[in-house]
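> only the shape, not the letters, is given here:
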């Protein structure tokens, strides 16, 4: 083979040429993507990231809207929340307890009932789309609308619910919103009626994504309806159930509107949730520093619960 001369041009490998040509196109796609994301990122940074960072600062100061200068006090606001006898200790932990009661009572219903509804709607029935709309319709109503409607319906003296119970020979003086445990029954029942449609639609989409060949294979193996449900449906729904269970837990733990409108946190603050107490201290009592500390304690609890839920269900995926 003859030696290469000084003027010999070594051809550039085709892969290298494609890489060099592709770089401007990749950069252009990246710039385009960030251009479309920019409005959301600006809003997210303005209304989520910055308030979260500022809230941390407030929680470690004696912040007050009536002071021109705020004093850094470290973790004192957090220490007050775990110190028995402090101003906020009893009420804060009572509100966390109420939040826990509502979450434990409502989440199972918000998983099981929507799953049953989704299984029914997944069948080939006439008017299936209409039924989906009916179940989903309450979810589009705001908390204020739901609260006002059910407050009148559950009124002990003139509510429609007690009137209907009387027509079938049942007690007509049930204190749905003014005594426990009926207040909890009302809050859980209204919440399940209001939000089950959303979970049902998500679970229905998950059912549509399960390969029908798996059901045919199970049928060939002699599996009945129950075995198909346990061995095909539930495993196929696990990713969707992870999403639904996590969002449902977080939504229940942040319940505010139902309790505020139906029971006013009563009786004796027994249905006052953590969000209600935090908003009262921060917005009504001007204890912004303590309220900020409470919100981050609640956030820590919810983060731990979410991580545990993810780990428990991830192991099954």
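Noted; the coordinates are in hand. These figures come from a predicted structure and were not determined experimentally.
> only C-alpha atoms from now on, for both contacts and neighbour counts.
Noted.
> so where do the helices sit in the stretch 101-250 of the chain?
Applying DSSP state H, counting those that start in this stretch to the stretch 101-250 of the chain gives helices spanning 128-136, 143-153, 160-167, 182-208, 212-220, 225-228, 234-253.
> angle of the last one against helix 212-220?
This means helix 234-253. Angle of helix 234-253 versus helix 212-220, following axes from the mean of the first three to the mean of the last three C-alpha atoms, to 10 degrees, is 120 degrees.
> just the helices of the stretch 101-250 of the chain: most buried one?
Sort the helices of the stretch 101-250 of the chain by mean neighbour count, taking mean count of other C-alpha atoms under 10 Å, and helix 182-208 sits at the top with a mean of 20.
> pull the distance from it to the chain's centre.
12 Å (C-alpha atoms, centre = their mean, to the nearest Å).
> report the mean per-residue pLDDT for it.
Helix 182-208 carries an average pLDDT of 93.
> the residue nearest to residue 219 when sequence neighbours are not counted: what's it in contact with?
Closest residue to residue 219 apart from its sequence neighbours, by C-alpha to C-alpha, 6 or more residues apart in numbering: residue 228 at 7.9 Å. Shown in contact with residue 228 (C-alpha atoms under 8 Å, 6 or more residues apart in numbering): 215, 218, 219.
> so which of the helices of the stretch 101-250 of the chain gets nearest residue 296?
helix 234-253 (13.5 Å; C-alpha to C-alpha).
> sorry, back to before: can you list the helices of the stretch 101-250 of the chain in a markdown table and add distance to residue 60?
Below are these laid out as a markdown table (distance: least, C-alpha to C-alpha, whole Å):
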| stretch | distance to residue 60 |
| --- | --- |
| helix 128-136 | 43 |
| helix 143-153 | 33 |
| helix 160-167 | 48 |
| helix 182-208 | 35 |
| helix 212-220 | 56 |
| helix 225-228 | 54 |
| helix 234-253 | 24 |
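> right, and those - which one's nearest residue 56?
For residue 56, the closest of the helices of the stretch 101-250 of the chain is helix 234-253, at 20.7 Å, according to C-alpha to C-alpha.
> state the next helix or strand along the chain beyond the closest one.
Of the helices and strands lying after helix 234-253 in sequence (DSSP states H and E), the nearest is helix 257-262.
> residue 171: how many residues sit nearby?
Number of residues near residue 171 (other C-alpha atoms under 10 Å) recorded here: 12.
> please name the nearest non-neighbouring residue to it.
Counting by C-alpha to C-alpha, 6+ apart, residue 165 is the residue found nearest to residue 171 once chain neighbours are left out, at 6.5 Å.
> right, and the one you found touches residue 159 too?
No - between residue 165 and residue 159 there is no contact under C-alpha atoms under 8 Å: 10.4 Å.
> look up how far residue 182 lies from the residue nearest to residue 171.
From residue 165 across to residue 182, the span is 15 Å (C-alpha to C-alpha, to the nearest Å).
> how about residue 154?
With C-alpha to C-alpha as the criterion, residue 154 and residue 182 are 10 Å apart.
> so what's in contact with those two at the same time?
If you check residue 154 and residue 182 against C-alpha under 8 Å, 6+ apart, the residues they both contact are residue 176.
> tell me the angle of the host helix or strand of residue 298 relative to helix 234-253?
Using DSSP H and E, residue 298 maps to helix 288-314. Using the same axes, to 10 degrees, one finds that helix 288-314 and helix 234-253 are set 170 degrees apart in direction.
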